[in-house]
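[1] next comes the sequence, and after it the predicted model I'd like to discuss.
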Amino acid sequence: MGRAVVIGGGIGGLTSGIALRRKGWDVTVLERAAALEPVGAGVAVAANALKALDVIGLGDRVRELSRIQGQVGVRQQNGRWLTHTTEDKAQKLYGDSIVILLRATLVELLIESLGHERLRLNTTVTGVDAGQGIVRTGAGDMEADLIVAADGIHSATRTALFPEHPGPVYSGVTAWRGLVPALDREVPSTETWGRGLVFGAHQLNDELIYYYATDLSPAGAVHADERAELLRRFGGWHDPIPALIRASDNARILRNDLYYFDTPLPAMHRGRVALVGDAAHPMTPNLGQGACQAIEDAVVLALTVCGDFWINGGSPGRHLDANGAGGHLDANDPGGHLGAGGGLAAYTAARLERTAGIVRQAMTICKVTKLRNPVAVGLRNAGVALASRITPDLMLRSMNEILGWRPPRQAGSDQGPAARV
């Protein structure tokens with residue numbers, strides 16, 4: 001039985017631990033926080049990530065815990081629709097929709113599936129030896145056949161493995177997130193675009209509404225009263241945006257500057273270390289794919305290091321060593337030697353191009369929403385509205401490559417459904 005150590009107890013790290021454990025690995029997930037505090041925000045799980053969660057047996061549970069969005073779309077700040085679609089159209093195209101739930105609920109489900117005993121809190125990783133498979137912590141060294149770096153956007157592991165990489169770049173945009181009590185009416189899932197500003201709202205359940213907002217800002221700017229800042233920016237926008245902001249508890253509003261990779265990594269692995277999620281491909285949230293791509297990474301990683309596989313019904317993948325030579329990790333021996341790359345080069349081959357493309361696509365939309373010039377904003381809005389009339393379901397079809405993704409099939413699966421981990 002192989003030994004895997006996962007660095008980071010977020011969505012990507014926990015999902016990686018679950019997927020590897022279901023393949024027979026002995027897994028420990030390390031998290032530097034003393035406790036995983038509930039995060040006051042929602043998370044979108046799109047059709048592609050739901051399919052990945054199906055592979056590890058959690059898709060249906062996430063669907064049960066979520067609220068399926070009905071009508072979704074983009075509006076102008078006066079409330080007029082620019083483009084919209086409905087949940088049933090997504091179901092028809094992709095066999096699934098986009099569900100939204102509390103991030104804390106998803107994390108709790110993942111911990112339960114992993115097993116609390118496999119999550120080691122209050123553990124700081126001080127370094128890794130990618131060649132020998134050693135994770136150095138304040139409590140001592142840990143040996144591993146596989147190390148999964150899921151330590152976030154400012155990953156120290158990534159920096160150590162790829163010191164020549166420029167790292168994340170500030171997008172020029174800051175984001176607020178909050179949860180407020182439900183109003184006396186249903187709030188549709190909408191994103192509203194203004195001049196350089198965005199406001200989105202989603203009804204999570206009968207009791208809570210999740211919202212987010214973005215605006216241009218210098219990196220690291222500090223506001224004494226975030227609620228007041230939101231009202232200053234969005235107080236004159238269409239209903240129910242002002243009401244949602246006024247219902248906010250200032251102390252519970254989260255704010256983060258948004259970073260992304262302008263330059264992709266040369267690989268998503270080095271030695272015995274694989275990078276997943278924000279550690280591998282930080283992106284702006286404009287496509288709602290940050291957590292979704294971390295979930296995809298985790299499932300594909302488990303499949304590629306544990307045997308031959310099919311990518312979306314295509315040719316069988318072949319395990320390569322770190323230099324591209326033909327290595328192979330026996331599907332019946334998950335503890336096989338990974339120091340020469342094993343299945344990790346196949347993991348990079350399956351994930352690097354896809355995730356780099358999604359990072360670029362998200363940043364393209366971010367740039368469109370950053371427009372402040374009123375003429376440019378008017379042309380943008382008119383273009384989106386016209387394109388939506390010409391191409392019904394524009395919102396969905398523009399994301400075909402993302403939402404239409406399917407997990408790899410293991411070789412020998414005879415083109416049936418993706419193999420369960």
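    The structure has been received and is ready for your questions. Residues are numbered from 1 along each chain as shown.
[2] just grab the bridge partners of V169 for me.
    Beta bridges link V169 to Y260, judged by DSSP bridges.
[3] again, but for the one 5 residues further on
    According to DSSP bridges, the partner residues bridging T174 are D215, D257.
[4] residue contacts, it?
    By CB atoms under 8 Å, 6 or more residues apart in numbering, the contact list for T174 reads T214, D215, L216, S217, A219, A221, R255, N256, D257, L258. The C-beta positions use only the backbone N, C-alpha and C, and glycine is treated the same way.
[5] save those residues as TSV, and put in neighbour count too.
    Listed next are the contacts of T174 as TSV, based on neighbours: other CB atoms under 10 Å:
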residue	neighbour count
T214	25
D215	21
L216	14
S217	18
A219	12
A221	10
R255	17
N256	11
D257	15
L258	23
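[6] low-confidence stretches in this protein?
    Low-confidence segments of the chain (pLDDT under 70): 1, 38, 69-70, 307-342, 394-397, 410-421.
[7] got the buried residues for the helix with the most length in it?
    Assignment by DSSP state H gives helix 344-369 as the longest helix of the chain. By neighbour count with 16 or more other CB atoms under 10 Å, helix 344-369 contains the buried residues 344-352, 354-356, 358-359, 361-363, 366, 369.
[8] and it, what does it pack onto?
    With contacts taken as 3 or more CB pairs under 8 Å, 6 or more residues apart in numbering; DSSP states H and E, helix 344-369 sits against strand 169-181, strand 254-260, strand 269-270, strand 273-275, helix 290-304, strand 316-317, helix 400-403.
[9] off-centre distance for stretch 348-363?
    The chain centroid and the centroid of stretch 348-363 are separated by 12 Å under CA atoms, centre = their mean, to the nearest Å.
[10] hmm, I was thinking of stretch 158-168
    With CA atoms, centre = their mean, you get 20 Å for stretch 158-168.
[11] can you check stretch 181-198 too?
    Taking the mean of its C-alpha atoms, stretch 181-198 sits 22 Å from the chain's own mean (CA atoms, centre = their mean).
[12] the most far-flung residue of the chain relative to its centre: helix or strand, and which one exactly?
    Distance to the chain centre peaks in the chain at V375, reaching 33.6 Å (criterion: CA atoms, centre = their mean). Assigned by DSSP states H and E, V375 falls within helix 374-390.
[13] which parts of that helix are buried?
    V377, R380, N381, V384, A385, S388.
[14] quick one: contacts of that helix?
    With CB under 8 Å, 6+ apart as the test, helix 374-390 has contacts from V74, Q76, L82, T83, H84, W193, G194, R195, V368, L371, L394, M395.
[15] which of these lies closest to L161?
    Nearest to L161 among these: V368, at 33.4 Å, using CB to CB.
[16] now for the closest one: which residues touch it?
    Contacts of V368 (CB under 8 Å, 6+ apart): R380.
[17] mind checking how far it is from E191?
    To E191, V368 is 12 Å away according to CB to CB, to the nearest Å.
[18] next one: G13
    G13 sits 28 Å away from E191, going by CB to CB.
[19] for Q361, same thing?
    Separation of Q361 from E191 (CB to CB): 16 Å.
[20] before we move on, what about A34?
    To E191, A34 is 36 Å away according to CB to CB.
[21] who has more neighbours out of those two?
    The residue with more neighbours, out of A34 and E191, is E191; 20 against 9, by other CB atoms under 10 Å.
[22] now the nearest residue to the more buried one once chain neighbours are set aside: which helix or strand?
    Distances taken as CB to CB, 6 or more residues apart in numbering place G200 nearest to E191, at 4.2 Å, with adjacent residues excluded. Assigned by DSSP H and E, G200 belongs to strand 198-203.
[23] okay, now the sheet partners of that strand, with direction.
    Sheet pairing for strand 198-203, using DSSP bridges, gives strand 189-193 (antiparallel), strand 208-216 (antiparallel).
[24] check which element follows the longest one along the chain.
    On the C-terminal side of strand 208-216, the closest following helix or strand by DSSP H and E is helix 226-234.
[25] in that next one, what counts as buried?
    Those would be E226, R227, E229, L230, L231, R233, F234, for helix 226-234 by 16+ other CB under 10 Å.
[26] again with stretch 137-154
    Judged by neighbour count using 16+ other CB under 10 Å, the buried positions of stretch 137-154 are T137, M142, A144, D145, L146, I147, V148, A149, A150, D151, G152, I153.
[27] those residues: which two are farthest apart?
    Distance extremes for the buried residues of stretch 137-154: the farthest pair is D145 and I153 at 26.6 Å, using CB to CB.
[28] any idea how far I153 is from F261?
    Counting by CB to CB, the gap from I153 to F261 is 9 Å.
[29] shared neighbours, the two?
    Residues touching both I153 and F261 (CB under 8 Å, 6+ apart): P168, P282.
[30] which residue packs closest to G196, ignoring adjacent ones?
    Nearest non-adjacent residue to G196, counting by CB to CB, 6+ apart: R372, 4.2 Å away.
[31] hmm, I was thinking of L230
    That would be I245: by CB to CB, 6+ apart, it lies 4.7 Å from L230.
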